[in-house]
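Novice: Provided below for reference: sequence and predicted model.
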Amino acid sequence: MFEVVAFYLFAALTIAMFTITVMTSQALYALTAMAAGMIFISAFFFMLGADFLGVVQIIVYTGAVMALYAFGMMFFDTTRTMVEKRENPRTIFILGVLAATLVVFIFISPIISTHLETQYPLEAASGNSQAIGMILFTKFLVPFEVAAVMLLVAMIAGIVLAGKKMDKSLTLMAEEEIALMGANEAKPDSQEGAH
Amino acid sequence: MEIYLYIALFAPLTGSLFAALFAASPKTSVTGIVASGLLFTSFVSSVILLNYVMAGHTVHVEMMTWIASGDLYIPFGFVVDQVSVVMMMVVSIVSTIVHIYSIGYMDHDKGFNRFFSYLSAFVFSMMVLVMSDNFLGLFIGWEGVGLCSWLLIGFWYHKESATWAANEAFIMNRIADLAMLIGIFIIYWNIGSLQYDVVFSQIANLPMPIITWIGIFLFIGAMGKSAQFPLHTWLADAMEGPTPVSALIHAATMVTAGVYLVVRANPIYDLIPEVGTVIASLGAFVAMFAATMALVNRDMKRIIAYSTLSQLGYMFVAAGLGAYWVALFHLMAHAFFKALLFLGAGNVMHAMHDELDPFKMGGLKKPMKWTWILMTLASVALAGIYPLAGFFSKDLILEVAFVEQHYILYSVLLATAGLTAFYSFRLVALIFHGDERHLEHGIHPHEAYNFMLYAMAPLGVLAVIAGMVFKTPYYEMVTHLLPAIEYHIHNHTTFWIMTIGTQLFVIAAIAYAYKKYAKAVKVDAKVESGFLYQLLYNQYYIPKLYDELFSKPYRELSKLAWKQIDLKIVDATVDGIANVIYRTGEKTHTMQNGNLSSMLRWMVIGLVVLLVLAIAFTVGYNAVTMRAM
Amino acid sequence: MEITLAHYLVLSSVLFAIGLIGVMRRKNLLMLFFATEILLNATNIGFAAIAHFHNDLTGQMFAFFIIAIAASEVAVGLGLLIVMYKRTGKIDLDIMTSMRG
């Protein structure tokens, strides 16, 4: 009973939060709603017995990713209301719902669920974190290492991309200076295009 | 011994590839010298193999597996036995000489390097043909020879007549090759192997009609390659190629392949004497038929070409009557003097600036003494005067016909022998004797390079001695493999009457030719406008008939197919598809407006479509499996 | 009433649909990133649920790697966004028309 209540509660909360994220015109609302949604999702992971995943969800998403977005938003002008051009909201809604319905149909159809086989069974004796560690460092060692390298590459890429010309602030520069900088930058680009 | 086999086989290929490296670069005599040298190596290896085979051994190697699929197993196997070694000797001698000769003959030609590449490839194909130990390997060589002949006949591809002749030769040969392939298929279908030894040991177990069909189809193949009636027209037209090529085609490499096939397949033909009789009759017909065409022709090379045709007829008579060793012997002797004749004709052509009409020559005896001697020698040998090569081989065929009691064949061949002597010496007399008619055309003939004459000299020697010296050892060697039947006329009086009678008949023909053409040439307008002369001059109107009967209807059919089917159906379909795609692109290119947001929307639409398809497929699959249950 | 796998999958699909709507609707690139995060999280719930109900850890491993990918995506994506903002002063999708065919 407790599980049912928890599921419906968190489902409603998550859906509400994510709907706000998608629908609001205030960037800060969106950010806050998404951070909340992430934490609610971790509740599902705990309910599903995936303790380790739940913790990772909170640390990585709510801790790291959201913080990164928050820092990123400092660069942009987020205080004012976003003006977005809307095209065919009905089409968008229909498409989204249609896709979801189809996916649900596929998932709940018996041919999928009866053909799944257990590859790495959970061991009741050991805890979830322990089991994950066992599998992660045996069966999934190579993907794990590759993921590590990928994170390193992403980190370097982020620094390089965002860090370039950190010392200049476009908002504080005069129009002419920006135009001049743009012209200087455009030159190598146009040459590349010629190749 | 295997190493010599490989050298004999692959030296020409090496020469060809070497010359091919320089194909696009300007003339270098290195290519000619290297190719000739490698062919000489091949010749030496053949001699060593000949010695080995003479001692009673044979060499049989399996180089590698070629086709192994299910029950079908065909190796790249090569065999050097009594028959193939004879062919190897002939091929390597003649082609070595032709190669050396070509260095001089093609001296001023732009395609010098290319020429040697083709020429050596030609020899290599022929070597594969004669040395293969199975029918399929023989067929590969057979096709290789066809390809190289196409390249060489059309060597001067800027001349339309040359490309036409090359295509004609190629297409005629394809027709015959189809029959040959069918023959090979029948063999494989019934015996399950294409190795000579297996086929020949089991052929007798097959039912008679199948053996007959095999024999007929293989012979049709041989007819194409050896230019027997009705597939003979390409041979005379093949004279469009450079003269050394004609020498090679006619003497050693190409046309002899058909005779070789019949000789090689002798265990098959032994079982079907009826087909043999047909072959012999066709051979005698072609011998006569070609000789009559040679009588009136006014093209030096064509005359020699018809004489080849005629001699091939002789060989088929011998082969058809079961005298395989005689056929092979005549093939060998004929190769020597026919190559000599062609190379001599090449000298004359060079001297006369590519003039081919012997009526515009005459009196070349003085400026071209050695060519005259060699060509006369070759003509005497061809006519079959004792003791030259032709006497021993050609008269033997007459004897075979007599002993086998085919008197009609015998008389046809005898008459043809007279015709042969006449047209050979008509040519010699017109070219070398009489008035110097060429002076009117402002031509000053000169003798060919010395080394070309030296190259021809061995052929001259062979044309003289081949019959006398080689006959006994050849007979002893080759009858290990071929049926050893001695053809002797037991009645001594008949024998002497026949021999001397034939000799006298031939000499009379020669004398008549000299009398008619050696002095002044009188053109008898009445004879020339007569029906018979025109009939012979136009080659019995057979080329014209083929043109009317096959070429023109085919041309009309092709035109119809082009105008009606290709333009209106095929092209229209292709254009229609292109138009549909083009218009679709026109209509839908607004999708590509560069806006990422709309692209994302399209992506989602694509996702929905894929999901629908996945569901539809799953439902359909389930329905099918449920019904199957 | 029992909570079954189907419940979780329906939830996952609903969240996915919300994400899709966001992806299609948003013009602000930062908001677009948020929508993609929602998509990834929706699939994570699906994976974790299947792992639980089929007693198999593979689903959790996939969710784990998805989180890693999401993290690196944010790092690179934000870097690119900053560069773009420096160049043009905007982060609006409609100004990116260099792919116009």
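Specialist: That came in fine, so what should we check first?
Novice: if you count neighbours, what's buried in stretch C:41-59?
Specialist: Neighbour-count burial for stretch C:41-59 flags C:41-54, C:56-59 (criterion: 16 or more other CB atoms under 10 Å in any protein chain shown). For every residue, glycine as well, the C-beta is placed using N, CA and C.
Novice: for residue B:1, give me its contacts.
Specialist: Residue B:1 makes contacts with B:48-49, B:52, B:57, B:59, B:80, as judged by CB atoms under 8 Å, 6 or more residues apart in numbering or on different chains.
Novice: for the residues you listed, which one is nearest chain C?
Specialist: Distance to chain C across the contacts of residue B:1 (CB to the nearest CB) is lowest for residue B:59, with 66.3 Å.
Novice: what residue, apart from its backbone neighbours, is nearest that closest one spatially?
Specialist: Of all residues not flanking residue B:59 in the chain, residue B:80 sits nearest, at 4.3 Å (CB to CB, 6 or more residues apart in numbering or on different chains).
Novice: I'd say that neighbour and residue B:49 touch.
Specialist: Yes. With contact defined as CB atoms under 8 Å, residue B:80 and residue B:49 form a contacting pair (5.2 Å).
Novice: closest one to chain A out of the contacts of residue B:1, please.
Specialist: When the contacts of residue B:1 are compared against chain A (criterion: CB to the nearest CB), the nearest one is residue B:59, at 58.5 Å.
Novice: the closest one: how many residues sit nearby?
Specialist: 18 (other CB atoms under 10 Å in any protein chain shown).
Novice: for it, give its distance to residue B:105.
Specialist: Plainly put, residue B:59 is 35 Å away from residue B:105 if you go by CB to CB, to the nearest Å.
Novice: again with residue A:54
Specialist: Per CB to CB, residue A:54 is found 94 Å from residue B:105.
Novice: who has more neighbours out of these two?
Specialist: residue B:105 (24 against 21).
Novice: who's in contact with that one?
Specialist: Going by CB under 8 Å, 6+ apart, residue B:105 touches B:242-244, B:346, B:350, B:448, B:452.
Novice: which one of these is nearest to chain C?
Specialist: residue B:242 (59.2 Å).
Novice: before we move on, which element is residue A:145 in?
Specialist: helix A:141-163 (DSSP states H and E).
Novice: which one is the residue in chain B positioned nearest to chain A nearest to, not counting chain neighbours?
Specialist: Using CB to the nearest CB, the closest approach of chain B to chain A is made by residue B:611 at 3.9 Å. In space, and not counting its chain neighbours, residue B:611 is closest to residue A:102: 3.9 Å by CB to CB, 6+ apart.
Novice: returning to that earlier point: PyMOL command for the buried members of the contacts of residue B:1?
Specialist: To isolate the buried members of the contacts of residue B:1 in PyMOL, using 16+ other CB under 10 Å:
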select buried, chain B and resi 48+49+52+59+80
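Novice: thinking again about what came up before, of the buried residues of stretch C:41-59, which are in range of chain A?
Specialist: Checking these against chain A by CB under 8 Å from any CB of the partner chain, the ones in range are C:41, C:44-46, C:48-52, C:54, C:56-58.
Novice: would you confirm that residue A:40 contacts residue A:12?
Specialist: No. The criterion here is CB under 8 Å, and residue A:40 misses it with residue A:12 at 9.4 Å.
Novice: higher neighbour count, those two?
Specialist: More crowded of residue A:40 and residue A:12, by other CB under 10 Å: residue A:40, with 19 against 11.
Novice: flag the shaky bits of the chain, pLDDT-wise.
Specialist: Since no chain was named, I'll use chain A. Where chain A drops to pLDDT under 70, the residues are A:77-87, A:109-127, A:164-175, A:177-178, A:181-195.
Novice: wait, I meant chain C there
Specialist: For chain C, residues meeting the criterion pLDDT under 70 lie at C:1, C:98-101.
Novice: can you do 90?
Specialist: Within chain C, the segments meeting pLDDT under 90 span C:1-10, C:13, C:20-34, C:46, C:49-62, C:71-101.
Novice: so the helix ranked longest in it versus helix A:141-163, what angle?
Specialist: Assignment by DSSP state H gives helix C:58-88 as the longest helix of chain C. If you take axes from the mean of the first three to the mean of the last three CA atoms, to 10 degrees, helix C:58-88 sits at 20 degrees to helix A:141-163.
Novice: touching chain B at all, helix C:58-88?
Specialist: No. Figure legend: helix C:58-88 not in contact with chain B (CB under 8 Å from any CB); closest approach 12.0 Å.
Novice: which neighbouring elements make contact with that helix?
Specialist: helix A:51-56, helix A:66-75, helix A:128-136, helix A:141-163, helix C:29-53 (3 or more CB pairs under 8 Å, 6 or more residues apart in numbering or on different chains; DSSP states H and E).
Novice: in that helix, what's buried?
Specialist: Residues of helix C:58-88 classed as buried: C:58-65, C:67-68, C:70-79, C:81-82, C:84-86 (neighbour count, 16+ other CB under 10 Å).
Novice: sorry, back to before: which neighbours do residue B:80 and residue B:49 have in common?
Specialist: Counting by CB under 8 Å, 6+ apart, the common neighbours of residue B:80 and residue B:49 are B:1, B:5, B:59, B:88.
Novice: using CSV, write down the CA coordinates of whatever helix or strand the second one lives in.
Specialist: Here residue B:5 is covered by helix B:2-21, with elements defined by DSSP H and E. What follows is helix B:2-21 as a C-alpha-only set of coordinates in CSV (Å, rounded to 0.1, in the frame of the first residue of the first chain):
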residue,chain,number,x,y,z
GLU,B,2,58.8,-29.7,-63.7
ILE,B,3,60.9,-26.6,-63.6
TYR,B,4,61.3,-26.7,-67.4
LEU,B,5,57.6,-27.1,-67.8
TYR,B,6,57.0,-24.0,-65.8
ILE,B,7,59.7,-22.1,-67.7
ALA,B,8,58.3,-23.2,-71.0
LEU,B,9,54.8,-22.1,-69.9
PHE,B,10,55.5,-18.9,-68.1
ALA,B,11,58.4,-17.4,-70.0
PRO,B,12,56.1,-16.0,-72.6
LEU,B,13,53.8,-14.5,-69.9
THR,B,14,56.7,-12.8,-68.3
GLY,B,15,57.7,-11.4,-71.6
SER,B,16,54.2,-10.2,-72.2
LEU,B,17,54.0,-8.5,-68.8
PHE,B,18,57.4,-7.0,-69.2
ALA,B,19,56.5,-5.5,-72.6
ALA,B,20,53.2,-4.3,-71.2
LEU,B,21,55.0,-2.2,-68.7
